[in-house]
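Engineer: Let's see this in three dimensions:
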Amino acid sequence: MLKHVNRSAIGASLLAALAHPAQAGPAKAAVAPRAGFDGQWVIHATAANFFCPVKSTRLVAVMQGGQVVKLAGLPGTATGRVADNGAVSVNLKVFGVTATVRGRLTGGVGAGDWSSNSAICAKGGWRAAQSGN
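Structural biologist: Okay, the predicted model is just below:
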């Protein structure tokens, strides 16, 4: 029972972070550009769990060489990449909560889903669009 309570408290911390955006992690070293996926992406993430107090949030990711180099709108760290075929695979760590993000980017847009170890915000979806810069 104690484990469930702690997990819920961590989930609540994650949600508080989503409600009050901040920048995540330092930028990584520059890598070779990958046409089509590099640049800034505006992401709209939603939670599927009924009890999740934050139903949606806006994030901004910067991709360079197919790697996530910056994520604004969420404290913590984001590591991951976009494969040459557009497959997205990203791991997030925020206040002890981990989340796995999967999906696909193509033609300047993308969509997918996410899941986490949070009891109250365990899963959801996302959609993204590449911005002009």
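Engineer: okay, now the nearest residue to C121 once chain neighbours are set aside: neighbour count?
Structural biologist: Nearest non-adjacent residue to C121, counting by C-beta to C-beta, 6 or more residues apart in numbering: C52, 4.0 Å away. C-betas here are computed from N, CA, C, even on glycine. Applying other C-beta atoms under 10 Å, we find 21 other residues in the vicinity of C52.
Engineer: cool, and V90?
Structural biologist: Per other C-beta under 10 Å, the neighbour tally for V90 reads 21.
Engineer: Please settle this for me: is it part of a strand?
Structural biologist: Yes. Read with DSSP: H, G, I helix; E, B strand; the rest coil, V90 is one of the residues of a strand.
Engineer: Next, the residue nearest to C121: phi, psi?
Structural biologist: Here is the backbone geometry of C52 (degrees, to the nearest 10): phi -70, psi 120.
Engineer: Any idea how far apart the tips of stretch 73-84 sit?
Structural biologist: Distance between the boundary residues of stretch 73-84 (C-alpha to C-alpha, to the nearest Å) amounts to 26 Å.
Engineer: hmm, back to that, looking at it, the residue nearest to C121 is touching K123, isn't it?
Structural biologist: No. Taking C-beta atoms under 8 Å as the contact criterion, C52 and K123 are not neighbours in contact, 9.2 Å apart.
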